[in-house]
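# Sequence and predicted structure below; questions after.
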Amino acid sequence: MDVFMKLYSIATTLFLLIGIVPLALAGVHDYQQALTKSILFFEAQRSGYLPGNQRVKWRGNSGLMDGKLNGVDLVGGYYDAGDNVKFGLPMAFTVTMMSWSIIEYGKQLAKSGELGHAMDAVKWGTDYLIKAHPHPYVLYGEVGDGNTDHYCWQRPEDMTTSRNAYIIDQNNPGSDLAGETDAAMAASSIVFRRYNPSYSKVLLTHAYQLFDFADKYRGKYDSSITVAHKYYRSVSGYADELLWAAAWLYKATSNRHYLNYLGINGDTLGGTGWSMTEFGWEVKYAGVQTLVAKFLMSGKAGRHGPVFGKYQQKAENFMCACLGKSGRNVQKTPGGLIFRRRWNNLQFVTSASFLLTVYSDYLTSARRNLRCSSGTVTPPELLAFAKSQVDYILGDNPRATSYMVGYGKNYPRHVHHRGSSIVSIKVNPSFVSCRGGYATWYSRKASDPNLLTGAVVGGPDAYDNFADQRGNFQQTEPATYNNAPLLGVLARLHAGHAGYNQLLPVKIPLIKSTAARPQPKVTPSSGLIAITQKTASTWVANDKKYHRYSVMLTSNTNKTFKKVDISVSKFYGGLTKTKRSSYRFPTWSSSTFITRKKNIEFEYFHTASPAKLAVSSYILT
């Protein structure tokens, strides 16, 4: 059953076309408030010594002996969901997706005042992942085990369960775990590149080592860490994580070795073959395909263009399937929510919404539409569908229930979460025993004593039904990887139509006319275009002084100049290189011509005095 949704105006209207009672007119959501709350949830999931600026006050220190039995410091990191185990695979995916959110929408996060909190959330994860990777071919992938943990219902501050740590190494490989941790390190290195360059380099060093480990010693991690098999089983194997890691390393370094890896291994590792209808901690193909599609649209594919084109086709198959415009569509609930499975379905909704959002912006930058088997989709329509999924989570659904705890008036009050369901240790320090927690707190009918603000729970079933019961873990348990993709989507939605400004340097083919046109004459520079430079800002990073220079090109005549080539000695950013020391304004730029009334401005930076600029050629019309 297909549900077609139209979402074109600011005051969103939702039409359900197949035998469904119409919803009330959707409300206008406070995306900034939802963003603030969604980041706050990560502070409730912290393990280790809590910092002085901890905002979730009902939590205390926990897991302070983690790693001691194994002779290593593994204090810190995140509990993945409502339990007290630190599972490496979903934790690393969480860090990757938080980082991707910041990379795409850092400016929007900053404008909302949440960039610092988002970066803190990433660093809490990466600090732990660095500890978990003490040697190039050793990675600790889990602390605690789900079997003993699920036997108990205790606050993390009271844990009496096993805190044994489990590793992968050369003899016990785990390419999926190492590959995802690699992706997290590479993506987060981009996040910290400007604000903490030395830390960024450390992360990148770990990323290089982890890729070598994952690719050289291949195997599924749950064959080595068997205690994870029941909880985070690697059904899809490790091929997607190898491509995922390579994509992030290329994005972080521009090292063509990793671009070539994507091109050479795209077919054999499934990147060009799998058309997916889900994206999440276990299956990364749709994410890889989306990243590679951006590389292609950015003009970076080189000789791998045909292969990258197949990646892009699979990425667009995913988008079309989510929209219901493919031959193999994603199932939706009667209320229009993407539905993949009963247990924690919202993890797939938030991850898909993120991919739909970024791809909408990639298409906008490339000035093209999405082509599906059932018709063409414009970038705004793609974003509108992502928005409809987020709005459903925030309360625009048949139950009028917000599935983000603490957002709106009607949200889950009996969350399947040990910490929030048991009185805070700061309120009542009395020890909560393993089985006593079940008897006293798990079975308690009252609302949670601690509000798990911002947590996105598992969500409704295939028919939009939801039971707010603590024992209903399939629907009421939250997870860090539910929230991580939302950071970017909420920041984008809060920013509105002017929120995205990362134009891609793509080549837009010119429309050919059948009528013959006189060819314009290419004229060498003769001083008809004035160039002025000024220093915009100066800063010091890594003991080097950097300058950002602002340049303006102005016409001295009433003529119009197009395809202006600039001769530059050396600089970084701003223009597209056409040949040695010659640059052109990218074809995607809205400022591709100069008149007396229309100037061109751009910026560049380097560690020296202003570069020498000159107009080497142009077309005079």
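Perfect, thanks for sending it. This is a predicted model, so every value here is computed, not measured.

# low pLDDT regions in the chain?
Applying pLDDT under 70 to the chain picks out residues 1-27, 497-528, 536-550, 552-553, 556-559, 561-608, 612-621.

# Can you show me the helices along the stretch 101-250 of the chain?
For the stretch 101-250 of the chain, the helices defined by DSSP state H, counting those that start in this stretch cover 115-131, 146-151, 175-191, 197-216, 221-224, 239-253.

# by contact count, what packs against the fourth one?
Meaning helix 197-216. Where contact means 3 or more CB pairs under 8 Å, 6 or more residues apart in numbering; DSSP states H and E, helix 197-216 is packed against helix 115-131, helix 175-191, helix 239-253. (Each C-beta comes from the backbone N, C-alpha and C, glycine too.)

# Now do that helix against helix 175-191: the angle between them, please.
Interaxial angle of helix 197-216 relative to helix 175-191 (axes from the mean of the first three to the mean of the last three CA atoms, to 10 degrees): 160 degrees.

# Kindly state the domain boundaries assigned to this structure.
Under the assignment the TED database, the domains of the chain span 31-495, 529-620.

# from these, which stretch is densest packed?
Of these, the one with the most neighbours on average (mean count of other CB atoms under 10 Å) is domain 31-495, at a mean of 21.

# chain center to it, what's the gap?
Distance of domain 31-495 from the chain centroid (CA atoms, centre = their mean, to the nearest Å) equals 8 Å.

# How far does that domain stretch from one end to the other?
With CA to CA, to the nearest Å as the measure, the ends of domain 31-495 fall 9 Å from one another.

# if I read this right, residue 284 contacts residue 242, doesn't it?
No: using CB atoms under 8 Å, residue 284 makes no contact with residue 242, being 9.5 Å away.

# Now distance to residue 269 too, for the helices of the stretch 101-250 of the chain, in TSV please.
Formatted as TSV, these follow (distance: least, CB to CB, whole Å):
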stretch	distance to residue 269
helix 115-131	24
helix 146-151	29
helix 175-191	11
helix 197-216	10
helix 221-224	17
helix 239-253	4
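
# quick one: which of these is nearest residue 409?
Closest of the helices of the stretch 101-250 of the chain to residue 409 is helix 115-131, at 24.7 Å (criterion: CB to CB).

# Need the residues that contact that closest one.
Contact with helix 115-131 is made by 36, 39-40, 42-43, 46-48, 67, 72-78, 86, 91-92, 94-95, 98-99, 101-102, 106, 109, 140, 181, 184-185, 188, 191-192, 195, 199, 202-203, 206, 487, as judged by CB atoms under 8 Å, 6 or more residues apart in numbering.

# how big is the angle separating that helix from helix 197-216?
Angle of helix 115-131 versus helix 197-216, following the same axes, to 10 degrees, is 50 degrees.

# Can I get helix 115-131 as CSV, trimmed to CA atoms?
Taking C-alpha atoms only, helix 115-131 is exported to CSV below (Å, rounded to 0.1, in the frame of the first residue of the first chain):
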residue,chain,number,x,y,z
LEU,A,115,27.8,23.5,17.4
GLY,A,116,29.9,23.4,20.6
HIS,A,117,27.6,20.9,22.2
ALA,A,118,27.6,18.7,19.1
MET,A,119,31.4,18.8,18.9
ASP,A,120,31.6,17.8,22.6
ALA,A,121,29.3,14.9,21.9
VAL,A,122,31.6,13.7,19.1
LYS,A,123,34.7,14.1,21.2
TRP,A,124,33.2,12.1,24.1
GLY,A,125,33.0,9.3,21.6
THR,A,126,36.4,9.8,19.9
ASP,A,127,38.3,10.1,23.2
TYR,A,128,37.0,6.6,24.0
LEU,A,129,37.7,5.2,20.5
ILE,A,130,41.3,6.4,20.7
LYS,A,131,41.7,4.5,24.0
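
# Now do the strands in this protein.
Taking DSSP state E as the test, the strands found in the chain are 86-87, 139-143, 165-168, 370-372, 375-377, 521-524, 529-541, 544-555, 561-568, 576-579, 582-584, 593-594, 600-606, 613-620.

# Quickly run through the sheet partners of the fifth one, with directions.
I take that to be strand 375-377. Sheet pairing for strand 375-377, assigned by DSSP bridges, gives strand 370-372 (antiparallel).

# Please apply the same query to the second one.
Sheet pairing here is set by DSSP bridges, and for strand 139-143 it gives strand 86-87 (antiparallel), strand 165-168 (antiparallel).

# To residue 447, which of the ones you listed lies closest?
Closest approach to residue 447 among the strands paired with strand 139-143 is made by strand 86-87 (27.6 Å; CB to CB).

# what comes into contact with the closest one?
For strand 86-87, contacts defined as CB under 8 Å, 6+ apart pick out 47, 63, 66, 74, 77-80, 128, 141-144, 228, 231-232.

# thinking again about what came up before, export the strands paired with strand 139-143 to TSV and tack on distance to residue 360?
TSV is the format used below for the strands paired with strand 139-143 (distance: least, CB to CB, whole Å):
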stretch	distance to residue 360
strand 86-87	32
strand 165-168	37
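
# so who does residue 176 touch?
Shown in contact with residue 176 (CB under 8 Å, 6+ apart): 89, 214, 220-221, 234, 237-238, 240-241.

# and if you look at residue 270?
Applying CB under 8 Å, 6+ apart to residue 270 gives the contacts 239-240, 243, 285.

# Quick one: the helices and strands packed on helix 197-216 as JSON lines, columns for distance to residue 477 too.
Formatted as JSON lines, the helices and strands packed on helix 197-216 follow (distance: least, CB to CB, whole Å):
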{"stretch": "helix 115-131", "distance to residue 477": "20"}
{"stretch": "helix 175-191", "distance to residue 477": "21"}
{"stretch": "helix 239-253", "distance to residue 477": "25"}
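
# closest one to residue 346 among those helices?
Using CB to CB, the helices and strands packed on helix 197-216 put helix 115-131 closest to residue 346, at 18.9 Å.

# Residue 263 and residue 308 touch, don't they?
Yes: using CB under 8 Å, residue 263 makes contact with residue 308 at a distance of 6.9 Å.

# Can you check which residues contact both of those two?
Taking CB under 8 Å, 6+ apart as the criterion, residue 263 and residue 308 both touch residue 301.

# roughly how far apart are the closest residue in space to residue 470 that isn't next to it in sequence and residue 398?
Spatial nearest neighbour of residue 470, chain neighbours left out: residue 414 (4.4 Å); criterion: CB to CB, 6 or more residues apart in numbering. Applying CB to CB, to the nearest Å, the value for residue 414 to residue 398 is 20 Å.

# residues contacting residue 401?
Applying CB under 8 Å, 6+ apart, we find residue 401 in contact with 395, 410-412, 460, 466.

# ok, so of those residues, who is nearest residue 316?
Among those, residue 460 lies closest to residue 316 (CB to CB), at 28.2 Å.
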